[in-house]
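Undergrad: Fold the stuff below for me.
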Amino acid sequence: MKYKRHLVVSILLLLVLGCGNEKTKIVDYYYIFDHVDFDNNRNRIDGKNVLMCNPAFKNDPFVKDLKYVEWSDSVIIATTTNGHFIIEANSNGLCCGCGNETKGPFTLNELNNFKNKNDFQHIDKIKLD
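TA: Residues are numbered from 1 along each chain as shown. So this is what the prediction gives:
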């Protein structure tokens, strides 16, 4: 029953978030949306440049006010107006609905330490306006 409820909520969020919003695919079902009206908890917001899953589950990563995003097969680094955030893959990988967590905000120095310690090499990167 819980699965059906998540499926219905995910479909509704997909319909709401997918209408009229430009989106850029990152990895799996992680996207950057130009604008969203609801967060993963279905709270009404005015979110611009948002990294989130589509479909989104309640505990999936949600990062707004993006300035810059870079990623590898196992890490997404999101730079925002409020600091740097890291999403690391768990044993299920870097995927939506898999329990990936958002960590941060980190300072630039902390982010650089993470990159050096983990030998982070991005596959791609995007700068947002």
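
Undergrad: Flag every buried residue along stretch 26-45.
TA: 26-27, 29-33, 36, 38-40 (16 or more other CB atoms under 10 Å). No exception for glycine: its C-beta is placed from N, CA and C like everyone else's.

Undergrad: How about residues contacting it?
TA: Stretch 26-45 is touched from outside by 9, 13, 16-17, 21-25, 46-62, 64, 66, 69, 71, 73, 76, 87, 93-96, 126, 128, with contacts defined as CB atoms under 8 Å, 6 or more residues apart in numbering.

Undergrad: Okay, now the unreliable bits of the chain?
TA: The model of the chain has pLDDT under 70 over residues 1-21.

Undergrad: Which stretches in it count as strands?
TA: With DSSP state E, the ranges of strands along the chain come out as 23-25, 30-38, 44-53, 62-63, 66-71, 75-80, 83-88, 101-106, 124-127.

Undergrad: In JSON lines: those, plus distance to residue 113.
TA: Listed next are the strands of the chain as JSON lines, based on distance: least, CB to CB, whole Å:
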{"stretch": "strand 23-25", "distance to residue 113": "28"}
{"stretch": "strand 30-38", "distance to residue 113": "24"}
{"stretch": "strand 44-53", "distance to residue 113": "22"}
{"stretch": "strand 62-63", "distance to residue 113": "20"}
{"stretch": "strand 66-71", "distance to residue 113": "16"}
{"stretch": "strand 75-80", "distance to residue 113": "13"}
{"stretch": "strand 83-88", "distance to residue 113": "11"}
{"stretch": "strand 101-106", "distance to residue 113": "9"}
{"stretch": "strand 124-127", "distance to residue 113": "19"}
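
Undergrad: Filter the contacts of stretch 26-45 down to the buried ones.
TA: Judged by 16+ other CB under 10 Å, buried ones among those: 9, 13, 17, 23, 47, 49-56, 60-62, 64, 66, 69, 71, 76, 87, 94-96, 128.

Undergrad: a markdown table for the buried residues of stretch 26-45, including distance to residue 108?
TA: Formatted as a markdown table, the buried residues of stretch 26-45 follow (distance: CB to CB, whole Å):
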| residue | distance to residue 108 |
| --- | --- |
| 26 | 21 |
| 27 | 24 |
| 29 | 29 |
| 30 | 23 |
| 31 | 25 |
| 32 | 21 |
| 33 | 25 |
| 36 | 27 |
| 38 | 31 |
| 39 | 26 |
| 40 | 27 |
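
Undergrad: If anything else comes up later, I'll come back, but that's it for now.
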